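**Q** Give me the fold of what follows.
(2 chains)
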Amino acid sequence: MPRPAANTASAPAERRATPRPGRRRAPWGEWLIGYAFVLPATLVIGVFGLFPILYALYMSVHRWRVRRGAFVGLEQFERTVGDGGGFALFLAGLAAVALGHWLWTRAYTERGGWLRAGQVAAALTLVAAGVALSVGFGSMQHAGDPRFVAGLGRTFFYGAISVPLQIAIALVVAALLYQPIRGRPLYRMLFFLPYVTPAVAGAAVFRAIFSPREERLANTLVGWLGIDPQRWLFEPRPVGHLLFGDLAARLGIELTGIWAGPSLALLVIILFGVWTYVGYNAVIFLAGLGAIPRELYEAAEIDGASGSQRFWAITVPLLAPVTFYLTVLGFIGTFQAFTHLYVMRESAVRGAVDTASLVIFDTFYALNDFGLAAAQSLVLFAVILAVTLLQQRLFGRRALRA
Amino acid sequence: MSSIRIALLAGLLVLGGHVLARGDYEAVDPSGQTVVFWHQHGGVREAGLEAIVARFNTENPYGITVVAQYQGSYPEIFQKMLLLVGTPDAPNLVVAYQDQAAAYHFADGLLDIRTFLASERWGFDPDDYADFFAGFIASDVNQVLGGQLLGFPPNRSVEVMYYNADWIAELGFDGPPRTPAEFEAQACAATEQPFSGSVTGAASLGYEITLDASRFASWTFAFGGDVFDAETNRYTFDSAAAIEALTFLQDLFARGCGDIVTERFGDQTNFGLGQTLFTVGSSSALPFYEGAVEAGAAFVWSVAALPHTTPAPLSNVYGASVSITAGHAPEAELATWLFVKAFTGREAQADWARASNYFPVRASVAAELEDYFAANPAYATAFELLEHGVSEPAAPGYAFVRNLVAAEMAAILDGADVASTLARLNDEANRILIDQLAEID
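**A** Next comes the predicted model:
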């Protein structure tokens, strides 16, 4: 349908007639008042946000062992992730995941002949992304600091298992707590309690529960299921080996790397993370649930939708912005997680729970290599940024639309 | 002469005077100085330290005032110091392990205490100095940093073997083991035959080991080796003695006679319950073992040197020292040293030993502790081991290396090949050491 000509013709005239607010020359007093208002926030962000990042950048290009040494350019980054090719390939892999997703959704939007071609292109891009991620990661591990790169891998494991579990359980808990059940405030408080419990205290309790001793709680529970006592936080072997090691050996398959999964010790720590954050996420979900119009549920009910249909067709899509927010925060949180990992790690697992943040801590305080620790921090910062952008690409727009 | 030139000359004179003062304190007057001392002692130890400080503040003829401040645990103090070392905001005196002192040296943050020891006016007279256990002061000599003395010991502990004497008698042995073979025989017998007085239903165990570099060093010393070569300034974690020691432990564990400690102070707890026959740990834990036994199976127990293959038992002596920070006025630096000198004097040492349960650093203090020895026989036994004390290295980066050692111990006790694991550990440890030393001028 042709657009009215009058509209297009009158638009420039309107722009001329109405001066743009930004173009108006404000009196000096207004300028000063405006800047005075933003000054405190600018100072806080500048001093506590930007300055540390810039200072870390400054440290990372120097040899810096307690005191500043010579300028070394990008040497510390090379020590961390190799010559940069592997890291760039790894980031390109993350970008390719986003591209693959875009092609896939685009294909469905365009339909027609695009559908098949788009699906093929998306599939090829995702395969390429997988190869780029794998080769890039391997290259970093080979040419960079194996401790840090392995720590980065564990961090991905930690986030990839922990965050979806936290979100899924929290959503179910929130949906249950949203029902008119007796003692609802008490349940809300109980679920929120782990979040406000000091991490060190909670981790100490988990240490006791998941002690290798036979009489401790976790081993007592698995004993009831006929399972032998486990070493839990002292077990460096991957879960895949513990569960399917015999079967894999019989089939002649060797479970290694990502296929072997995280160590049992890391899995226990992931469990701690889930226990801590489910309550917090549930409270946020409850706020989101309160914002969904009741009329939608009533209309669906009149149309004969079952409870689960209402949950999947109304609750889940309309909570998408909250889910997106919690997912982003969750991933950033897991990438920065430190305290409970530090408390629960044991020498016996030979570094099997050392995520990137723990490696950085050791580099700083045990090796006293401030420059290398700063470079490692900035690499972690870049990875968190890339993962956050990827999440924004994959889920952000859909969440905003919802 | 322009005002700029005058100011420059004045600055040079001040700087020159300061440099001179750092090497020569003979003419410096410490009167009226305030000394800030950061330490990690809490509870009874803090009270004992405060008493020593109060007496010094009252009795020293220079009007020096020491302010002792509890600043958290060793790691907390270390983390705070890393930000302050080399600046005037650093305390005058700080508790530091030898490797931490080496780290502070990266920022030229500590004074070499040899300067004070060499002073005719402020040092010790030769007889007085000879009273110190030589090995204690030697443990603060930083070989990799040109033999600098970056700390001075106010106390030390020694690694000992804790044993259940009643259980050993029940098993039919004459006394605690003196050799590794005897140790293995008793540990395995205890695994087979639980202690009659045990107050736990859990399976008995011969030996529980904490995965820790100090345990590694102690067993290596017991087998006649060392973990560091002071001549080449390199780690020797793969020495023949270390391989022999770790092979011995691996065999012990393979036979089911030993296990690793899986809970904080779990070895103390299990020992007290009568579940574990032997543990190895610091003598500073004597009061905690006493409490665990009293609250547990209430048996007769004591300590001894680790079973050894050497003619005399070589015991691992360790402990944090106190370090004097640089960057203060010479008067304050001297005042700090005078407090260190008083803290390590005979009277203060006797008081400090009673309050802290650490060992004094002077041999003559033993005479003043006769009643304490009589009341604490295990302490007296451990004190006799100090004569043959040896120390772990005072190398920068040792904190990180300790983590590596603990991890490789875990691997070996899990069955990894001893020789190749220790060779890999040694290569990695020396790579770290070389990397650290590369940054020292």
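**Q** Point out the residues in chain A that sit beside chain B.
**A** When proximity is defined by CB under 8 Å from any CB of the partner chain, chain A lies next to chain B at A:63, A:65-67, A:69, A:207-208, A:211-215, A:231, A:234, A:236, A:346-351, A:362, A:365-369. In this view, the C-beta of every residue, glycine as well, is placed from N, C-alpha and C.
**Q** please redo it, this time with the cut-off set to 6 Å
**A** For chain A, the residues found near chain B under the criterion CB under 6 Å from any CB of the partner chain are A:Arg65, A:Val66, A:Arg67, A:Ser211, A:Pro212, A:Phe234, A:Ser347, A:Ala348, A:Arg350, A:Ala366, A:Leu367, A:Asn368.
**Q** Contact partners for the closest residue to the second one other than its chain neighbours?
**A** Of all residues beyond its chain neighbours, the one nearest A:Val66 is B:Phe106 (3.7 Å), with distances taken as CB to CB, 6 or more residues apart in numbering or on different chains. In this structure, B:Phe106 makes contact with A:Arg65, A:Val66, A:Arg67, judged by CB atoms under 6 Å, 6 or more residues apart in numbering or on different chains.
**Q** Show me what stretch A:54-61 is in contact with.
**A** A:Gly73, A:Gln76, A:Phe370, A:Gly371, A:Ala374, A:Ala375, A:Ser377, A:Leu378.
**Q** Only alpha carbons, please: show the strand or helix carrying the fourth one as PDB.
**A** Spelled out, that is A:Gly371. Secondary structure here is read from DSSP states H and E; on that basis A:Gly371 sits in helix A:370-391. Taking C-alpha atoms only, helix A:370-391 is exported to PDB below (Å, rounded to 0.1, in the frame of the first residue of the first chain):
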ATOM      1  CA  PHE A 370      51.000  -9.500  39.100                       C
ATOM      2  CA  GLY A 371      51.500  -8.800  35.400                       C
ATOM      3  CA  LEU A 372      50.600 -12.300  34.300                       C
ATOM      4  CA  ALA A 373      47.600 -12.300  36.700                       C
ATOM      5  CA  ALA A 374      46.400  -9.000  35.200                       C
ATOM      6  CA  ALA A 375      46.700 -10.400  31.700                       C
ATOM      7  CA  GLN A 376      44.800 -13.500  32.700                       C
ATOM      8  CA  SER A 377      42.100 -11.300  34.300                       C
ATOM      9  CA  LEU A 378      41.700  -9.300  31.000                       C
ATOM     10  CA  VAL A 379      41.400 -12.500  29.000                       C
ATOM     11  CA  LEU A 380      38.700 -13.700  31.400                       C
ATOM     12  CA  PHE A 381      37.000 -10.300  31.000                       C
ATOM     13  CA  ALA A 382      37.100 -10.700  27.200                       C
ATOM     14  CA  VAL A 383      35.600 -14.100  27.400                       C
ATOM     15  CA  ILE A 384      32.800 -13.000  29.800                       C
ATOM     16  CA  LEU A 385      32.100 -10.100  27.400                       C
ATOM     17  CA  ALA A 386      32.000 -12.400  24.400                       C
ATOM     18  CA  VAL A 387      29.700 -14.900  26.200                       C
ATOM     19  CA  THR A 388      27.400 -12.100  27.300                       C
ATOM     20  CA  LEU A 389      27.200 -10.700  23.800                       C
ATOM     21  CA  LEU A 390      26.500 -14.200  22.500                       C
ATOM     22  CA  GLN A 391      23.700 -14.600  25.000                       C
END
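**Q** Measure how far that helix is from the centre of its chain, please.
**A** On the basis of CA atoms, centre = their mean, to the nearest Å, the separation between the geometric centre of helix A:370-391 and that of its chain is 13 Å.
**Q** and that helix, what does it pack onto?
**A** Judged by 3 or more CB pairs under 6 Å, 6 or more residues apart in numbering or on different chains; DSSP states H and E, helix A:370-391 is in contact with helix A:51-60, strand A:62-65, helix A:75-81, helix A:85-110, helix A:320-336, helix A:356-365.
**Q** run the last query once more with 10 Å
**A** For helix A:370-391, the packing partners by 3 or more CB pairs under 10 Å, 6 or more residues apart in numbering or on different chains; DSSP states H and E come out as helix A:51-60, strand A:62-65, strand A:67-71, helix A:75-81, helix A:85-110, helix A:146-177, helix A:320-336, helix A:356-365.
**Q** Residue ranges of each domain in chain A, please.
**A** With domains defined by automatic domain parsing, chain A comprises A:85-144, A:145-401.
**Q** doesn't B:Thr179 make contact with B:Ala305?
**A** No - the pair formed by B:Ala305 and B:Thr179 falls short of the contact definition of CB atoms under 10 Å, at 11.0 Å.
**Q** which ones are touching the residue of the stretch 101-250 of chain A found nearest chain B?
**A** Nearest residue of the stretch 101-250 of chain A to chain B, counting by CB to the nearest CB: A:Pro212, 4.7 Å away. For A:Pro212, the contacting residues are A:218-219, A:229-235, A:346, A:348, B:259-260, B:262-263, B:266, taking CB atoms under 10 Å, 6 or more residues apart in numbering or on different chains as the criterion.
**Q** And for B:Gly72?
**A** In this structure, B:Gly72 makes contact with B:Trp38, B:His39, B:Gln40, B:Gly42, B:Phe78, B:Gln79, B:Lys80, judged by CB under 10 Å, 6+ apart.
**Q** Straight-line length of stretch B:175-185, end to end?
**A** Counting by CA to CA, to the nearest Å, you get 12 Å between the two ends of stretch B:175-185.
**Q** Spatially central residue for the chain, please.
**A** In the absence of a named chain, chain A is used. In chain A, the C-alpha closest to the average C-alpha coordinate belongs to A:Phe331, at a distance of 1.4 Å (CA atoms, centre = their mean).
**Q** actually it's chain B I care about, not the one you picked
**A** Taking CA atoms, centre = their mean as the criterion, B:Gly319 is the residue nearest the geometric centre of chain B, at 1.8 Å.
**Q** Now a ChimeraX select for only the buried ones of the residues of chain A next to chain B.
**A** The following ChimeraX line selects those of the residues of chain A next to chain B that are buried, judged by 16 or more other CB atoms under 10 Å in any protein chain shown:
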select /A:65,66,211,212,234,347,348,350,366,367,368
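**Q** Going by distance to A:Asn281, which of the residues of chain A next to chain B wins?
**A** Sorting the residues of chain A next to chain B by distance to A:Asn281 puts A:Ser211 at the head of the list, at 28.2 Å, by CB to CB.
**Q** The domains of chain A into CSV, with extra columns for distance to B:Ala342 and mean pLDDT?
**A** Below are these laid out as CSV (distance: least, CB to CB, whole Å; pLDDT from 0 to 100):
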stretch, distance to B:Ala342, mean pLDDT
domain A:85-144, 52, 85
domain A:145-401, 32, 90
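**Q** Tell me the secondary structure at the closest residue to B:Gly63 other than its chain neighbours.
**A** The spatially closest residue to B:Gly63, leaving aside those adjacent along the chain, is B:Gly32, at 5.0 Å (CB to CB, 6+ apart). Following DSSP: H, G, I helix; E, B strand; the rest coil, B:Gly32 is assigned to coil.
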